[in-house]
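K.L.:
No letters, just coordinates:
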Ligand SMILES: [Zn+2]
């Protein structure tokens, strides 16, 4: 192999070998001529490569096949890393008495969402208030992006607290009324979209854009949420096994996913 490293098992090499087969050399040379004629303004005759040499087209095709194989390997690598991350990220204990191992932070904001610090009444929320399992963070991103795609003119969705970086208690000592749950990276608060489109929690249930809020509830249900709390004054609906009324939830909904959900 003239000192070069062998690529023999690659699809690119196999394709190249097929193109070099006697019957195909002529075909690939003809293709090369055609390709050059397309490029050249006069359509002057292209040099036919000597028999046994790969034509320009064959080389291009082989290169493309090799690039495809590399992309395939890259995809496999990303998929493996994704599975490793999912395994590393664990919700221990219960949402109201637990902790979080290998959690990740939801980004501070994006095209489809902003994060809301309800203690200081401003955006963004600090990173230490927005940690969750990989599965929870992915679910939130997937839902808000799909919501945005379905309603391109809707305001960005406000995301409140998730959990602390290692989970554990998230009570009033961390500001505001505090949370009983939100301890093991499976809970997230989501602000109802406002009719006036402002990026902050609605002051009363009348200020909620009910259509958009219901769309969010439906999407979280479909995404595999195990529990969703909505305020009694919101008029929002959902399967009773999942969507329940709770006081103090007229300005945000609370979503909980399972430790081993569908994602
Ligand atoms: Zn909550």
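P.N.:
Yep, that arrived. This is a predicted model, so every value here is computed, not measured.

K.L.:
Up against the ion, what does the stretch 151-263 of the chain have?
P.N.:
Taking C-beta under 5 Å from the ion, the part of the stretch 151-263 of the chain that reaches the ion is made up of 189, 254. C-beta coordinates here come from the backbone N, C-alpha and C atoms, glycine included.

K.L.:
Please enumerate the strands of the stretch 151-263 of the chain.
P.N.:
157-159, 187-191, 225-230, 243-245, 252-257 (DSSP state E, counting those that start in this stretch).

K.L.:
right, so those strands: which one is the most enclosed?
P.N.:
Looking across these with neighbours counted as mean count of other C-beta atoms under 10 Å, the highest average goes to strand 157-159: a mean of 27.

K.L.:
and that one, how far out from the chain's middle?
P.N.:
Distance of strand 157-159 from its chain centroid, counting by C-alpha atoms, centre = their mean, to the nearest Å, is 16 Å.

K.L.:
what sits up against that strand?
P.N.:
When contacts are defined by C-beta atoms under 8 Å, 6 or more residues apart in numbering, strand 157-159 is touched by residues 106, 112-116, 123, 125, 130, 140, 144, 147-148, 188-191, 193, 199-201, 216, 252.

K.L.:
So how do I select the buried members of these in PyMOL?
P.N.:
Here is the PyMOL command that selects the buried residues among the contacts of strand 157-159 (16 or more other C-beta atoms under 10 Å):
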select buried, resi 106+112+113+114+115+116+123+125+130+140+144+147+148+188+189+190+191+193+199+200+201+216+252
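
K.L.:
Who's the closest spatial neighbour of the closest residue to the ion within the stretch 151-263 of the chain, skipping the chain neighbours?
P.N.:
Using C-beta to the ion, the single residue of the stretch 151-263 of the chain nearest to the ion is residue 254, 3.5 Å away. Distances taken as C-beta to C-beta, 6 or more residues apart in numbering place residue 229 nearest to residue 254, at 4.1 Å, with adjacent residues excluded.

K.L.:
again, but for residue 112
P.N.:
Leaving out its chain neighbours, the residue that sits closest to residue 112 by C-beta to C-beta, 6+ apart is residue 148, at 3.9 Å.

K.L.:
List the residues that contact the one you found.
P.N.:
Going by C-beta under 8 Å, 6+ apart, residue 148 touches 111-112, 154, 156-157.

K.L.:
what's the answer for residue 151, then?
P.N.:
Residues in contact with residue 151 (C-beta under 8 Å, 6+ apart) are 212, 215.

K.L.:
and it, what are its phi and psi?
P.N.:
Recorded main-chain torsions at residue 151 are phi -130, psi 70, according to degrees, to the nearest 10.
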